[in-house]
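Colleague: Sequence first, then the predicted structure:
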Amino acid sequence: GAVVSQHPSWVICKSGTSVKIECRSLDFQATTMFWYRQFPKQSLMLMATSNEGSKATYEQGVEKDKFLINHASLTLSTLTVTSAHPEDSSFYICSGNDRINTGELFFGEGSRLTVL
Amino acid sequence: AQSVTQPDIHITVSEGASLELRCNYSYGATPYLFWYVQSPGQGLQLLLKYFSGDTLVQGIKGFEAEFKRSQSSFNLRKPSVHWSDAAEYFCAVGAAEYGNKLVFGAGTILRVKS
């Protein structure tokens, strides 16, 4: 299957700082990328959908100014958590949908963010 | 609105016993259906998927699932569970009409006792 790589795998930061998470599709072109968040012992919740070259679409309740998503190329999407707070500590997972649009999403390994 | 229900939060089975994890969905479109497994602190691994055709789908690690449209269900089964199957299992549903974004169930934690 297609491979999606996320970086960093884990990050610890101080409250008030910003953190950037990268999501790369290594062997396919991801026209659409989805960002999910998973709190401890909970399921995955979709945060936003990004299409290459256009603004991301955020799910209800997700602050677009806090979670900045950029999808500037067909192989890279980034999520920046701005002015992070302890309640933003979570597991963030990206996934990509290829140009063939088969309906299958390919997931990254996830990035665990801990905000102190 | 789209929703996915996994009614069992925890399931415990004995090693070697059969397993069935339930998944029901409510969707306003023809769904794509997936089962994923997640070990603690890890990402998701796709077990199997259904898009169309044969409603009994075979996956990796000996898992299978059956799509029953009349019951809006996509239950996951395995005839003989191994201790290494202990993990959390997520059912997910998507559709082209909704841009292929996946909606996940709450997950079922599987414990295997020896």
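Modeller: Done, it's in.
Colleague: In contact with the closest residue to B:Gln58 other than its chain neighbours, which residues?
Modeller: If you skip the residues right next to it in sequence, B:Gln58 has B:Glu64 as its closest partner in space, 5.2 Å away by C-beta to C-beta, 6 or more residues apart in numbering or on different chains. No exception for glycine: its C-beta is placed from N, CA and C like everyone else's. With contact set as C-beta atoms under 8 Å, 6 or more residues apart in numbering or on different chains, B:Glu64 has these partners: B:Leu48, B:Leu56, B:Val57, B:Gln58, B:Leu76, B:Arg77, B:Lys78.
Colleague: Count the neighbours of residue 96 for me.
Modeller: In the absence of a named chain, this looks at chain A. Residue crowding around A:Gly96 was assessed by other C-beta atoms under 10 Å in any protein chain shown; the count is 28.
Colleague: Wait, chain B was what I had in mind.
Modeller: Applying other C-beta under 10 Å, we find 14 residues neighbouring B:Ala96.
Colleague: So which residues on chain B come close to chain A?
Modeller: Proximity of chain B to chain A (C-beta under 8 Å from any C-beta of the partner chain) is limited to residues B:32, B:34, B:36, B:41-44, B:46, B:49, B:51, B:90, B:94-96, B:99-107.
Colleague: Can you flag the buried ones in these?
Modeller: B:32, B:34, B:36, B:43-44, B:46, B:49, B:51, B:90, B:94-95, B:100-107 (16 or more other C-beta atoms under 10 Å in any protein chain shown).
Colleague: Residue in chain B with the shortest distance to chain A?
Modeller: With C-beta to the nearest C-beta as the measure, B:Gly43 is the residue of chain B nearest to chain A, at 4.2 Å.
Colleague: so that residue sits right up against A:Phe107, yeah?
Modeller: Yes - the criterion here is C-beta atoms under 8 Å, and B:Gly43 meets it with A:Phe107 at 6.0 Å.
Colleague: any residues in contact with both of these two?
Modeller: Counting by C-beta under 8 Å, 6+ apart, the shared contacts of B:Gly43 and A:Phe107 are A:Ile93.
Colleague: For residue 44, name its beta-bridge partners.
Modeller: You didn't pick a chain, so chain A it is. Each beta-bridge partner of A:Leu44 is listed here, defined by DSSP bridges: A:Gln38.
Colleague: sorry, should have said chain B
Modeller: Residues found in beta-bridge contact with B:Leu44 (criterion: DSSP bridges) are B:Gln38.
Colleague: do the same with the one 5 residues further on
Modeller: Judged by DSSP bridges, the bridge partners of B:Lys49 are B:Phe34.
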